[in-house]
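A.B. asks: pasting a predicted model and its sequence here:
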Amino acid sequence: MYSDDKLDITEEIKRQFAHDNESYQVEKFHACRLNPENHQLELLVEWKGFTEDDNSWEPLKNLYEDVPELVKNFQKKMREEKTAYAEEIEDYTRGLSQSS
C-alpha cells in the first residue's frame, strides 16, 4: 500500500480502504425480474458472506460482464424449470456473446 510519511494514514483508514476495495462475490441467483422503472432485466443476487437481508436486485448486464458463467448456468436452470424470463436472459446473453 502507498504510504507517505507526511500523510496521516491511521490503521483505521487502512482497514477502511481494504474493506472498500474488497469485491463482492456472487453466491447464487434466486430470481429474475423486469425492473418496472427502467425495463431492464435484473437478477436477485445472494452475496457470499452476507445475510439474506443483503440480497439485492442487480442489472443482468453488469452481472453478465462480471460472472458470465454463473448467469448462463442460472439461465439454463430457469429454462429447465420453465421460469419466467428464461428466454429473455438467453436472448440477451446470446446477443452479448455474438457481439464479443
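C.D. replies: Looks like it came in fine.

A.B. asks: from residue 53, how far out is the residue positioned nearest the centre of the chain?
C.D. replies: In the chain, the centroid-proximal residue (C-alpha atoms, centre = their mean) is residue 63; its distance is 4.2 Å. Counting by C-beta to C-beta, to the nearest Å, the gap from residue 63 to residue 53 is 20 Å. Using the backbone N, CA and C atoms, a C-beta is placed for each residue, glycine as well.

A.B. asks: these two touch, right, the residue nearest to the centre of the chain and residue 69?
C.D. replies: No. At 10.9 Å, residue 63 does not count as touching residue 69 under the criterion of C-beta atoms under 8 Å.

A.B. asks: before we move on, back to that, would the residue nearest to the centre of the chain count as being in a strand?
C.D. replies: No. Per DSSP: H, G, I helix; E, B strand; the rest coil, residue 63 lies outside any strand segment and is helix.

A.B. asks: where does this structure dip in pLDDT?
C.D. replies: By pLDDT under 70, the low-scoring segments of the chain are 1-7, 12-22, 97, 99-100.

A.B. asks: let me see the ranges of the helices in it.
C.D. replies: Here the chain has its helices, by DSSP state H, at 11-20, 60-66, 68-80, 86-99.
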